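# coordinates for the following, if possible.
(one chain, ligands or ions: 1)
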Amino acid sequence: MILDRRSEFSPETRRDNIEWMGHEEFDILVIGGGITGAGIARDAAMRGFKVALVEKGDFSSGTSSKSSRLIHGGIRYLENLELGLVFHACTERRRLRMMAPHLVRPLPFLFTVYRSGRLSPTKVSLALWLYDALSLFRTIQRHRMLHPKEALASEPLLRREGLLVVGRYYDCSADDARLTLVTIISSHLHGAVIANYAAVVGLLKAKGKVCGAEVLDRINGREVEVRARVVVNATGPWVDGIRRLDDPKATSRLRPTKGIHIILPRERLHTSEAIAFTSPRDGRLMFVIPWGSCAIVGTTDTDYEGDFDSVCASREDVDYVLEALEENFPDAGITDDDILSTFAGLRPLVREEGVATFKVSRRHQIMLSPSGLVSIAGGKLTTYRAMAEELVSEVAKILAKEHGVLPKRGCITDKVPLVEGNVEAILAEIEMAKEERVLDEDVAAYLFQAYGPDSFRLLQLITQDRMLGERIVSGLPYIKAEVIHAIRYEMALTLCDFMIRRTRLIYEAPDQGLGKAQEVAEIMAPHLGWGSGEIERQLTLYRDEVALVRA
Ligand SMILES: Cc1cc2nc3c(=O)[nH]c(=O)nc-3n(C[C@H](O)[C@H](O)[C@H](O)COP(=O)(O)OP(=O)(O)OC[C@H]3O[C@@H](n4cnc5c(N)ncnc54)[C@H](O)[C@@H]3O)c2cc1C
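A predicted model of the protein is given here:
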């Protein structure tokens, strides 16, 4: 099969794009390649605007690869009576399931209610009914209240003592880094000009109005001026920093809060469903989320003032999570020694004074500065598409009024799949690969869940070279073909990109994949022109990241 050149999204695409950025005047320049920027670029490109997007690190390297990976209505916001937010998020959950069914998958949750807890059975039962109602009863399945005996039969690790009732409800989960990446790639396929490792270091102005940005290519150290009619600041926790490039006196609009997760081997905390439980310290709602061979547990919510580029879990954060596990799963006996890894991210929340961190609203806000810089802060992974729709509609008004530029069409982001292709045909090919023992059962399932219709490219790579079908780390479903695929079709430029975001080896492999990192770097080397010195540098950078997840 011959691939369309435009379906490539490689280092060469990046090089050409940066070159192109220096010559074109764009309608919209988006700063930030997290889920918010990705959604905006996709929406704007689909409406027919000329769009560029620059990301200072790798796509999703900010908060968008460090979330709880839930596409959810947000049951915990019911307590704050944020009914509008929950309704909106439930609607977007349904849309995202239709846009990317291979990625956004249903997940049953058990909500535990204890005698000693803060929430009564009546309150939880009402909340779950309301949760179904706010999704207009078009949820995956309606909730059901279970007798403790029934719940304990399927989840024997739950604390028995004082368990009054358990509610089963449904949300969805998705790999956040992949969701961001496919949104970026979809933007590219719809004409957006995109580069990672391209940092905005200054804003261009004419007659007091922002008209572009100075962008530093962090791979070769060159700067390029990118001109645009409207510049959108979608930099999540870094939003205030870009606002200050525009106006050094701009006051802070963000209240970044840190959230951490710990990752455990699934066999140490085996639950067949996700579990929602409360922290004994402050009653905060937390989750255990089954994830392949692991269980993800979190999260915390604390004000953060450190370096945004090296956020990691502290001793205190981990103790908070372990204490909640001890209270809710006493027989599991989870200790430090069980932890495979941790990850930490910053919520780019809009500032609200005098409110506890976990009560700060997850609503987003669009801010227009006198110079015309458009910034967006707050929001959630789940609501990114709707946030993008709202922002691009606002920008379209500016483009029409001030520049006479009109879109070719309105917003169609929820009508077009994030990954287009013939799902039945690819499923049949995967089935055949299993029958012919080219792929193991778990690898085949993982490939489809991660890549959906794009899995055909991985099968094609394996057909060309059977060695590429081998696992990178035994026991995990990641295979060597993904290394080549990540470079050619997903703009992976560094060892970290592959080990942390194209796959999740850093979190899931018992040694963080260090034992295989050299081999992966050597597969990458000829495709990226690395010599032995560069391979060593990549390994050092990766070890630094490993130190953060082991902190
Ligand atoms: C612990 C935690 C758990 C969460 N769980 C969930 C969940 O389960 N479900 C859910 O819906 N939401 C969840 N969220 C919220 C969600 O993850 C965030 O709202 C979302 O990822 C924010 O995306 P963003 O694109 O705005 O920011 P980011 O992902 O941080 O992206 C901003 C990007 O801008 C780039 N950037 C910064 N400065 C520059 C510059 N000068 N030039 C170029 N690029 C720049 C950064 O490198 C970064 O990649 C969670 C958040 C946290 C912290």
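
# how far is the helix or strand hosting V182 from where the chain is centred?
Secondary-structure element containing V182, defined by DSSP states H and E: helix 176-189. Mean-position distance between helix 176-189 and its chain equals 10 Å (C-alpha atoms, centre = their mean, to the nearest Å).

# counting by contacts, list what it packs against.
Secondary structure elements in contact with helix 176-189, counted by 3 or more C-beta pairs under 8 Å, 6 or more residues apart in numbering; DSSP states H and E, are helix 35-46, strand 51-54, strand 193-195, helix 481-490. (C-beta placed from N, C-alpha, C; glycine too.)

# and the third one, which strands flank it?
Which is strand 193-195. Strands flanking strand 193-195 in the sheet, each with its direction: strand 51-54 (parallel) (DSSP bridges).

# downstream neighbour of the strand it pairs with in the secondary structure list?
Downstream of strand 51-54, the first helix or strand assigned by DSSP H and E is strand 70-71.

# tell me the first helix or strand C-terminal of that next one.
Towards the C-terminus, the helix or strand next in line after strand 70-71, according to DSSP H and E, is helix 83-99.

# need the contact list for the spatially most central residue of the chain.
Per C-alpha atoms, centre = their mean, the C-alpha nearest to the average position across the chain is that of D176, at 2.4 Å. Shown here is D176, whose contacts under the criterion C-beta atoms under 8 Å, 6 or more residues apart in numbering are I35, S60, S64, S65, K66, S67, R69, L381.

# the fifth one: neighbour count?
Same thing as K66. Using other C-beta atoms under 10 Å, the number of residues around K66 comes to 23.

# my read is that it contacts S341, right?
No - with contact defined as C-beta atoms under 8 Å, K66 and S341 do not form a contacting pair (11.8 Å).

# any weak-confidence spans in this protein?
For the chain, the stretches flagged by pLDDT under 70 are 1-6, 352-362.

# 50 instead?
The model of the chain has pLDDT under 50 over residues 1-3, 5.

# which bits of it sit near the ligand?
Among all residues of the chain, those adjacent to the ligand (criterion: C-beta under 6 Å from any ligand atom) are 31-37, 54-57, 61-64, 66-70, 72, 199-200, 234-238, 242, 259, 299, 345-348, 379-382.

# identify the residues contacting C294.
Each residue near C294 by C-beta under 8 Å, 6+ apart is listed here: I263, L264, P265, R266, L340, Y507, E508.

# got the phi and psi for it?
Main-chain torsions, C294, degrees, to the nearest 10: phi -130, psi 170.

# so what sits opposite it in the bridge?
P265, W291.

# and if you look at V226?
Partner residues in beta bridges with V226: A213, with DSSP bridges as the criterion.

# quick check: it touching W20?
No - the pair formed by V226 and W20 falls short of the contact definition of C-beta under 8 Å, at 9.7 Å.

# which residue of those two possesses the greater neighbour count?
In this view V226 and W20 are compared by other C-beta under 10 Å, and V226 has more residues nearby, 27 against 15.

# what about the more buried one, distance to the ligand?
Using C-beta to the nearest ligand atom, to the nearest Å, one gets 11 Å for the distance from V226 to the ligand.

# I'm done for today, thanks for sticking with me.
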